[in-house]
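Colleague: build the 3D model from these lines:
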Amino acid sequence: MALLEVGATAPGFKSIDQNGEPISLTEFKGKKVVLYFYPKDDTPGCTKEACAFRDNFPKFKKLNVEVLGVSVDDQKKHQKFAEKFDLPFRLVVDDEKKIVQDYGVWGEKSMYGKKYFGTNRVTYLIDETGKIEHVFPKVKPETHAEEILALLKK
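Modeller: Below is the predicted model of the structure:
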């Protein structure tokens with residue numbers, strides 16, 4: 001897994017969100033974007049992270065920052081997850097694993113001694129011009145949204 005570097009141009013993408021609406025990175029030019037990658041909808045860590053973004057969403061909006069979640073789950077799973085937890089931001093479908101690969105977050109993981117491939121919990125802060133402004137390679141789901149807000153307010 002080779003993460004993108006600060007200063008690099010964020011790879012563009014075109015996909016759909018949890019509602020089946022088209023979404024692309026270019027539609028957010030002129031805004032900062034929190035692009036957070038997470039392993040799986042409706043699992044304990046991912047739910048904590050999504051709910052922390054939900055609870056802090058008005059603060060991101062006030063700073064004119066867009067929040068986008070990305071996982072390799074399909075549109076129906078994203079939709080159920082967003083509805084169940086009343087998520088106010090868009091979840092990007094990456095069921096072909098192109099975005100996770102372009103951003104270097106797809107890689108080997110291990111749980112209970114078993115090795116497998118999956119999405120690593122990584123967040124990119126993308127600036128108004130589409131450049132990587134900050135990389136968060138190690139994320140604590142419960143406090144991650146506040147960590148980003150603290151950085152944005154500096």
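
Colleague: list the helices and strands the lengthiest helix in the chain packs on?
Modeller: Counting by DSSP state H, the longest helix found in the chain is helix 44-62. Counting contacts by 3 or more CB pairs under 8 Å, 6 or more residues apart in numbering; DSSP states H and E, helix 44-62 packs against strand 32-37, strand 65-71, helix 144-152. Heads up, the C-betas are built off the backbone N, CA and C, glycines and all.

Colleague: tabulate the ones you listed (JSON lines), appending distance to residue 19, mean neighbour count and mean pLDDT.
Modeller: Shown next, in JSON lines, are those (distance: least, CB to CB, whole Å; neighbours: other CB atoms under 10 Å; pLDDT from 0 to 100):
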{"stretch": "strand 32-37", "distance to residue 19": "18", "mean neighbour count": "23", "mean pLDDT": "98"}
{"stretch": "strand 65-71", "distance to residue 19": "13", "mean neighbour count": "22", "mean pLDDT": "97"}
{"stretch": "helix 144-152", "distance to residue 19": "22", "mean neighbour count": "17", "mean pLDDT": "95"}
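
Colleague: grab the nearest non-local neighbour of residue 19.
Modeller: residue 79 (6.7 Å; CB to CB, 6 or more residues apart in numbering).
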